[in-house]
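Engineer: Structure for this input, please:
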Amino acid sequence: MSRTTSRKQITRIVVGESRSRREDVLAVEEPLEIRVAGSPLSITMRTPGSDFDLAAGFLVSEGVISHGDQLSAIRYCAGGTVDGENTYNVLDVTLAPGVPRPDASLDRNFYMTSSCGLCGKASIDAVRTRSAYPVDADPVAVTDELLTTLPDRLREGQAMFEKTGGLHAAALFDAATCELLVLREDVGRHNAVDKVVGWALKEDRLPLSGTVLMVSGRASFELVQKASMAGIPILAAVSAPSSLAVDLGRELGLTVVGFLRGSSMVVYSGGERITVTELKQKAMA
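Structural biologist: Below is the predicted model of the structure:
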């Protein structure tokens, strides 16, 4: 049985028509504890899969590392149960020699749900981590027509969503060629983005200049933050951004696009990076 999905008996009701019992496929949600040198750092609720990418991306988002050579090793370890059985829900990260460990003095509660990547932060100021890869000077440009193709490309790659209908996705595209570089799914949007960033770190692709990060659902503050920490200049979402996401995007010089559906979109910041197709002239009355 795959650890990404689980089969459960359910009752399906169609009002006034039918009631039936059948088996349904659900997305798995399990806790993942991330440790650094044996010390607990974070617990996040995630869909198992690409866990090493998730841990690496999380450390980039937190400003702990910014280059692949700062990460020495990641391994699963015992500790998932009282008897020490390895449940593959605990990871221990070894940083390279000389890389400072996360600042334990920060006032945080590191538990995170699958819906929020910043729930444990003590304050908004604490998450305005300075990125090693400022995006405001990134000269990347993308056409509006190209952007409108990305939601369908994202949807086509969501294999687990097809089975469960319950997973978010994040995909990274080359802004010039529209090449899909990587796509990851998870019950949490922020986890899917961390998995994308972690993949890029391990592939020695940071900073992710000249790319577009496409996400399902909304664009929240933490997603803008994560994009910034990885050097991604453009974040696009199929739904709305939050006000704080827009404020941070404008502050950092990061392009934020929302409601990217069909042939339309709303640009909230960094509109100079989007080349608009020549407008059709309205017929004269």
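Engineer: Secondary structure element holding the spatially most central residue of the chain?
Structural biologist: When C-alpha atoms, centre = their mean is applied to the chain, the residue found nearest the centroid is V193 (1.5 Å). Assessed by DSSP states H and E, V193 sits inside helix 189-202.
Engineer: ok, then the element right after that helix?
Structural biologist: On the C-terminal side of helix 189-202, the closest following helix or strand by DSSP H and E is strand 211-215.
Engineer: Can you give me the buried ones in the helix or strand following that following strand?
Structural biologist: Per DSSP H and E, the first helix or strand lying C-terminal to strand 211-215 is helix 221-229. Judged by neighbour count (16 or more other C-beta atoms under 10 Å), helix 221-229 contains these buried residues: 221-229. Heads up, the C-betas are built off the backbone N, CA and C, glycines and all.
Engineer: looking at the chain, which helix or strand is least sure?
Structural biologist: strand 111-112 (a mean of 54; mean pLDDT, DSSP states H and E).
Engineer: mind listing the helices for the stretch 1-150 of the chain?
Structural biologist: For the stretch 1-150 of the chain, applying DSSP state H, counting those that start in this stretch gives helices covering 51-61, 144-156.
Engineer: Let me know which of those is tucked in deepest.
Structural biologist: Ranked by average neighbour count under the criterion mean count of other C-beta atoms under 10 Å, these are headed by helix 51-61 at a mean of 26.
Engineer: Now do that one and helix 221-229, the angle between them.
Structural biologist: Calculated by axes from the mean of the first three to the mean of the last three C-alpha atoms, to 10 degrees, helix 51-61 forms an angle of 80 degrees with helix 221-229.
Engineer: Averaged pLDDT, helix 51-61. What do you get?
Structural biologist: For helix 51-61, mean pLDDT is 96.
Engineer: now what about it, what contacts it?
Structural biologist: 32, 34, 36, 42, 44, 46, 65-66, 71, 74, 76, 88, 91, 93, 117, 129, 184, 186, 191, 193-202, 206, 222, 225-226, 229-230 (C-beta atoms under 8 Å, 6 or more residues apart in numbering).
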